[in-house]
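Q: Could you work out the structure for the sequence below:
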Amino acid sequence: MRFVRYNAGSTGVGPVVDRRISNMRKIFAVAAATALTFAMSTTAFAAWKQDKTGQWRYMTSDSTWLTSQVTPDGYKVDVNGYWDGQPSTKAAQQASGNTKDQGESAVSQYRIGGTRIFKITDASFDEAANAYNVKVSLFDTAFKTSEEIQNIKKGDVIELPSVGKLTAENNASRGVIRTGRKTTKDGTYVKDSGYSVRLSDEAGNHYMLSGQRLRKVNADNSTSETILRPVATEIALTIPAYRTTVRVNGTSRYSSLKKIIENKMMFEATLSGSEVAELKDTVYNYDTTTTPVYSEDAAHGNLTNKDQY
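A: Model (predicted):
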């Protein structure tokens with residue numbers, strides 16, 4: 001309904017229209033106030049309440065409560081609505097590094113310090129469910145926290161899973177990352193990236209350990225790669241066949257879900273229970289950097305063979 005204000009005249013139309021507008025405004029105001037009061041009264045009951053026996057329930061009104069599910073703040077309640085006494089799954093996710101998952105997942109019990117990486121070890125297709133049933137190994141890009149690395153001194157020997165014993169080449173030091181978001185003397189922004197330390201093994205390979213990852217460079221400097229920390233194996237997950245993979249940043253390469261499964265590749269994922277709710281290709285599928293090592297003679301030989309270029 002559209003109201004038009006007229007100037008008051010002999011017809012008396014103006015005052016009548018004005019009263020209609022005023023009445024409509026009053027009606028809208030009352031309706032809005034009623035809705036707000038209702039919303040406040042319903043959300044006010046969404047809270048924990050302890051009964052006479054000392055047990056806790058998550059109340060949704062003054063006489064109803066949640067049953068047989070996880071509360072919005074991450075606690076499990078049983079069929080009678082009572083808290084099971086266990087810590088919040090949300091708190092556990094935050095502590096374990098699995099915060100991206102939708103509720104408790106198949107890997108919530110594992111602590112992840114860096115980026116969580118899955119690698120397919122076995123797969124089969126369930127036609128009835130239109131989904132892949134896969135077995136995966138779980139990896140973490142981080143081996144130690146920045147606080148743990150801070151205490152490493154030159155000459156210390158540390159042992160890392162799947163890598164072995166490494167010797168520190170220097171005292172751990174705090175690193176920085178320069179970006180262009182804030183102006184300093186050189187026009188860049190300095191951001192603390194935590195502690196890191198240089199390591200080496202008996203074969204002469206070199207490593208850089210930080211709180212985010214472990215990077216290895218072969219003794220002859222021909223290959224560099226990121227080493228992943230093994231966490232668990234034989235984890236069962238389900239991937240719906242219609243799920244598409246999210247393209248990874250930092251590389252032009254891309255692998256479809258079918259390719260990742262057939263080639264038993266790695267991926268990142270958001271989980272809902274044991275189902276993959278979101279699947280992302282990972283740069284670690286394409287991470288190893290190989291630099292061929294040529295002798296001077298070989299280099300000259302290749303340069304003179306123009307048919308190769």
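Q: now Glu202: how far from Asn218?
A: Distance of Glu202 to Asn218, given as C-beta to C-beta, to the nearest Å: 14 Å. Where you see a C-beta, it was placed from the backbone N, CA and C, and this is true even at glycine.
Q: Between the two, tell me which one has more neighbours.
A: Between Glu202 and Asn218, counted using other C-beta atoms under 10 Å, Asn218 has the larger neighbour count: 16 against 9.
Q: For beta bridges, what are the partners of the nearest residue in space to Gln55 that is not next to it in sequence?
A: Closest residue to Gln55 apart from its sequence neighbours, by C-beta to C-beta, 6 or more residues apart in numbering: Tyr82 at 4.8 Å. Beta bridges link Tyr82 to Arg57 when assigned by DSSP bridges.
Q: ok, residues contacting stretch 155-172?
A: The contact list for stretch 155-172, computed with C-beta atoms under 8 Å, 6 or more residues apart in numbering, reads 143, 149-154, 195-202, 206-207, 209, 214, 227, 229-230.
Q: Could you tell me which of those residues are located in strands?
A: Among the contacts of stretch 155-172, the ones falling in strands (DSSP state E) are 195-200, 206-207, 209, 214, 227, 229-230.
Q: which of those count as buried?
A: With burial judged by 16 or more other C-beta atoms under 10 Å, the buried subset of those is 195-199, 206-207, 209, 214, 227, 229.
Q: Just give me the neighbour total for Asp101.
A: By other C-beta under 10 Å, 20 other residues sit near Asp101.
Q: Can you give me the distance of the nearest residue to it once chain neighbours are set aside to Ala236?
A: If you skip the residues right next to it in sequence, Asp101 has Leu271 as its closest partner in space, 4.6 Å away by C-beta to C-beta, 6+ apart. Counting by C-beta to C-beta, the separation of Leu271 from Ala236 is 12 Å.
Q: shared neighbours, those two?
A: Ala106.
Q: of the two, who's got more company?
A: Neighbour count, other C-beta under 10 Å: between Leu271 and Ala236, Leu271 has more, with 24 against 11.
Q: what sits opposite the more buried one in the beta ladder?
A: Applying DSSP bridges to Leu271 yields these beta-bridge partners: Val276.
Q: Now do it against Ile235, distance only.
A: Applying C-beta to C-beta, the value for Leu271 to Ile235 is 10 Å.
Q: same deal with Tyr286?
A: For Tyr286, the distance to Ile235 (C-beta to C-beta) stands at 23 Å.
Q: Neighbours of Tyr82, how many?
A: Counted by other C-beta under 10 Å, the residues lying close to Tyr82 total 17.
Q: still on that earlier bit, and which of the buried ones among the ones in strands among the contacts of stretch 155-172 is nearest to Tyr75?
A: Arg229 (30.5 Å; C-beta to C-beta).
Q: Once you drop chain neighbours, what's closest to the closest one?
A: In space, and not counting its chain neighbours, Arg229 is closest to Asp140: 4.5 Å by C-beta to C-beta, 6+ apart.
Q: again, but for Val134
A: Distances taken as C-beta to C-beta, 6+ apart put Ala123 closest to Val134, at 4.5 Å, once the chain neighbours are dropped.
Q: now Gln69
A: Counting by C-beta to C-beta, 6+ apart, the residue nearest Gln69 is Val77, at 6.6 Å.
Q: Make sure Asp62 is indeed in a helix.
A: No - using DSSP: H, G, I helix; E, B strand; the rest coil, the assignment for Asp62 is coil, not a helix.
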